[in-house]
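In: What follows is a predicted structure for the sequence shown.
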Amino acid sequence: MKTAGSVGMDRFRKQRTWRTTWEGIIPKLLLVCALVSVLTTLGIVFTLIVETARFFEEIPFVQFITGTEWTALFSGNQQKFGVLPLISGTLLVTAGAALVAIPLGLAAAIYLSEYAHDRVRRVLKPVLEILAGIPTVVYGFFAFTFVTPLLRGTFFPDMGPFNALSASIVVGIMIIPMIASLSEDAMSSVPRGIREAAYAMGSTRLEVALRVVVPAALSGIIASFVLGISRAIGETMIVTIAAGATPKLTFDPTDSIQTMTAYMVQAASGDISFGSTAYKSIYAVGMTLFVFTMIMNLLAQYISRRFKEEY
Amino acid sequence: MGAEEAVIGQKGKSEAKSLNSANRNQGAGRVGFRRMMNRLAHGLFFLATLVGVVVLGILLFDIVNTGWKWVSADLLNNFASRFPEKSGVKAALWGSIWLIAVTAPLTFIFGVGAAIFLEEYAKKNWFSRLIQLNISNLAGVPSIVFGILGLTIFARGMNLGQSVLTGALTMTLLILPIVIVAAREAIASVPSSLRQASYAMGASRWQTISRVVLPYSMPGILTGTILALSRAIGETAPLIMVGAVTFIYFTPGNVFDPFTVLPIQIFTWTGLPKAEFQELAAAGIIVLLAILLTMNALAIFLRNKYQRRDG
């Protein structure tokens, strides 16, 4: 009797210690999983800084940031590393995209949040989600083989096959769902009571939407614009396919240009040698792009936190 | 208008009548104008929302119209070629399948692990806030920057070269934030009564998580993971950066083989001068969209199936 009992206790104790150890190990394993994301950020910042620093050993920082010619993939002494044309290309496409996406996205958000019946919303929201899920290479194909020929056949017969205009229109269409759904989220979180108070004062739906709901949700709406713009800055395939590969300091949307992202793709898919200045320039341009999008993302977070209306 | 009348009704009929007539005398024209503006805005907002639907329709029609005649068994069984009629997506299709097959378990393990840590174990201190801030910032980093990271750390640093593994690791880091956010939402939606019931039965923390919390939140987690993977399947830029080769004439045999994916094949064909290649690109897009549609249908199916069981 005594021995049998102690064996049972032993087994119980063994199981318990094993389980306690396991319970102690699990959180550490899970912590490692969570740390992967921190390591990713550190990895990105670290690689960009190291290689960009090596790039600036060869090309002075001032020359990079103020130069108006970018011919990094030319041979030998014809290389020029002035990043301004790539930045202007990126900003040109981004501005065009914002002109398309902000009015349409905001109007769609107001419609979905304030006007649409449930049944209509149940049809339209999934369509916007599909639009958001289409790969960017497909949008690029669409811009190059449909939008550009359409524009050349109608309003801009003199425009070339590669141009900033069609790229920015299609990038704009691509970010509409993002702006619409984030703005709609912000508007739906405006309390019902405020709307009803405005209706009680005799306001029309439009007045409620524009004078009550939009101002109350403004921080979220502006944040959605900023995030959309950040997305447009980092968009790669549409501009690579449709906007061209000629870095040019221009603000004419019908011109062929090159964005920062498109340069990185062009350089990486070409055969530049590892360790050359042109190779390091990928990192310098990547760093510039990273800084731009990071500022926009932090700005969006700041706006939505700082100017949030509390109810 | 309903709300307006209801409130007036509360004030008493006689008062309402005098109010109404006063309003009518003063500004019948103004009210009419305001109503007209409201109707006009309603129409405009609706049209703005429709832009997305219409563009989606045109895009799909254009692609099917251009590429349908190339969709055949040959397209799936042929490798890429100089001759359009002998070209196919075999290498790209199998490359995409390999990439997803390796990416899926990696993102699932690390994504769900991080989500469990943040929801169940992490204390609300500066450290968990840091991880959280970090994840939301990573989601805003352009995909091409992840490509630079993959090129530097995996392809060159770990000497994995232009292999399936390099691509899959890069993709894992790219979509990890999406999976973590979705998994956290799913885990947070588990009712606390279930957890408490499990603890009351003497279950340990990890037993509760692995046998109660995870099974309950699995549909949500799987849906989020599949949607994130469908994003990975459509990504082009990061894989170009890590050097996925364009013209290869074999399917990968293991994770260390070089590979190409559907979006890269589509990108290459779009850029070739012959019109037939652009039709092939459209055919490739049809294959890509078919895969995406299947994955989305699977996600919706999983969600519906398990929701019914719980209900």
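Out: Thanks, I have the structure now.
In: Helices along the stretch 1-150 of chain A, start to end?
Out: When assigned using DSSP state H, counting those that start in this stretch, the helices of the stretch 1-150 of chain A occupy the ranges A:2-58, A:61-66, A:84-110, A:118-133, A:136-142, A:148-153.
In: And these: which comes nearest residue B:32?
Out: Go through the helices of the stretch 1-150 of chain A one by one with CB to CB and the one that ends up closest to residue B:32 is helix A:84-110, at 22.4 Å. Backbone N, C-alpha and C define where each C-beta goes, glycine included.
In: and that closest one, what other elements does it pack with?
Out: In terms of contacts (3 or more CB pairs under 8 Å, 6 or more residues apart in numbering or on different chains; DSSP states H and E), helix A:84-110 is packed against helix A:164-188, helix A:218-234, helix A:260-269, helix A:277-306, helix B:13-67.
In: could I get those as a markdown table with mean pLDDT, mean neighbour count and distance to residue B:110?
Out: Formatted as a markdown table, these follow (pLDDT from 0 to 100; neighbours: other CB atoms under 10 Å in any protein chain shown; distance: least, CB to CB, whole Å):
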| stretch | mean pLDDT | mean neighbour count | distance to residue B:110 |
| --- | --- | --- | --- |
| helix A:164-188 | 92 | 26 | 25 |
| helix A:218-234 | 91 | 23 | 23 |
| helix A:260-269 | 88 | 24 | 26 |
| helix A:277-306 | 88 | 20 | 22 |
| helix B:13-67 | 77 | 14 | 33 |
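In: if we can go back for a sec, which of the helices of the stretch 1-150 of chain A has the highest mean neighbour count?
Out: Each of those was scored by mean neighbour count; the highest is helix A:136-142, a mean of 27, by mean count of other CB atoms under 10 Å in any protein chain shown.
In: Quick one: mean pLDDT for that one?
Out: Averaging the model's pLDDT scores along helix A:136-142 yields 93.
In: CA atoms only for it, dumped as CSV, please.
Out: Included here for helix A:136-142 are C-alpha records, laid out as CSV according to Å, rounded to 0.1, in the frame of the first residue of the first chain:
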residue,chain,number,x,y,z
THR,A,136,-0.2,46.1,-57.8
VAL,A,137,1.4,44.5,-60.9
VAL,A,138,-2.1,44.0,-62.2
TYR,A,139,-2.8,47.7,-61.7
GLY,A,140,0.5,48.4,-63.5
PHE,A,141,-0.6,46.3,-66.4
PHE,A,142,-3.9,48.2,-66.5
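In: does residue A:226 really touch residue A:300, like I thought?
Out: Yes. With contact defined as CB atoms under 8 Å, residue A:226 reaches residue A:300; the gap is 4.0 Å.
In: For residue B:197, which of the helices and strands packed on helix A:84-110 is the nearest?
Out: helix A:164-188 (33.4 Å).
In: any idea what sits nearest the closest residue to chain A within the stretch 201-311 of chain B, other than its immediate chain neighbours?
Out: Of the residues in the stretch 201-311 of chain B, the one nearest chain A is residue B:234, at a distance of 2.8 Å by CB to the nearest CB. For residue B:234, ignoring the flanking residues on the chain, the nearest one in space by CB to CB, 6 or more residues apart in numbering or on different chains is residue A:135 at 2.8 Å.
In: which residues does residue B:79 contact?
Out: Shown in contact with residue B:79 (CB atoms under 8 Å, 6 or more residues apart in numbering or on different chains): B:87, B:88, B:90, B:91, B:248, B:249, B:250.
In: Next, the fifth one: secondary structure please.
Out: It stands for residue B:248. Using DSSP: H, G, I helix; E, B strand; the rest coil, the three-state assignment for residue B:248 comes out as coil.
In: Show the pLDDT at it.
Out: Residue B:248 is assigned a predicted lDDT (pLDDT) of 74.
In: Who are the contact partners of it?
Out: In this structure, residue B:248 makes contact with B:79, B:80, B:91, B:258, B:259, B:260, judged by CB under 8 Å, 6+ apart.
In: and of the residues you listed, the nearest to residue B:49?
Out: When those are compared against residue B:49 (criterion: CB to CB), the nearest one is residue B:260, at 37.8 Å.
In: does that closest one count as helix, strand or coil?
Out: Here residue B:260 is coil, with the state taken from three-state DSSP.
In: Got phi/psi on it?
Out: For residue B:260, the backbone dihedrals are phi -130, psi 170 (criterion: degrees, to the nearest 10).
In: so what's whichever residue of the stretch 151-300 of chain A sits closest to chain B up against?
Out: Closest to chain B within the stretch 151-300 of chain A is residue A:234: 2.6 Å, counting by CB to the nearest CB. The neighbours of residue A:234, taking CB under 8 Å, 6+ apart as the test, are A:261, A:289, A:293, B:141, B:142, B:143, B:144, B:145.
In: Residue A:289 touches residue A:262, doesn't it?
Out: No. The criterion here is CB under 8 Å, and residue A:289 misses it with residue A:262 at 10.9 Å.
In: If you rank the contacts of residue B:248 by neighbours, which is first?
Out: Among these, residue B:259 has the most neighbours (other CB atoms under 10 Å in any protein chain shown), with 28 neighbours.
In: who touches that residue in this structure?
Out: Contact criterion CB under 8 Å, 6+ apart gives B:91, B:94-95, B:98-99, B:162-164, B:167, B:244-245, B:248, B:252 as the residues in contact with residue B:259.
In: Which strand or helix spans the closest residue to it other than its chain neighbours?
Out: Once flanking residues are discounted, residue B:259 sits nearest to residue B:95: 3.8 Å by CB to CB, 6+ apart. Remark: residue B:95 resides in helix B:90-116, with elements defined by DSSP states H and E.
In: Name the residues of that helix that come out as buried.
Out: Burial within helix B:90-116, assessed by neighbour count using 16 or more other CB atoms under 10 Å in any protein chain shown, is assigned to B:90-100, B:102-104, B:106-108, B:110-116.
In: between the contacts of residue B:248, which is nearest residue A:205?
Out: When the contacts of residue B:248 are compared against residue A:205 (criterion: CB to CB), the nearest one is residue B:260, at 52.1 Å.
In: Distance check, that closest one against residue B:91.
Out: In this view, residue B:260 and residue B:91 are 6 Å apart by CB to CB, to the nearest Å.
In: in stretch B:118-128, what's buried?
Out: If you call a residue buried by 16+ other CB under 10 Å, then stretch B:118-128 has these buried ones: B:118, B:119, B:120, B:121, B:122, B:128.
In: among those, which two are most distant?
Out: B:120 and B:128 (11.4 Å).
In: Chain A contacts on the stretch 201-311 of chain B?
Out: Where proximity means CB under 8 Å from any CB of the partner chain, the interface of the stretch 201-311 of chain B facing chain A comprises B:204-206, B:227, B:230-231, B:233-237, B:240-241, B:243, B:246, B:263, B:266-267, B:270-271, B:278, B:281-282, B:285, B:288-289, B:292, B:296.
In: sorry, back to before: tell me the backbone dihedrals of the residue nearest to residue B:234, please.
Out: phi -60, psi 150.
In: you'd agree it is up against residue B:263?
Out: Yes. Applying CB under 8 Å as the test, residue A:135 and residue B:263 come out as touching, 5.8 Å apart.
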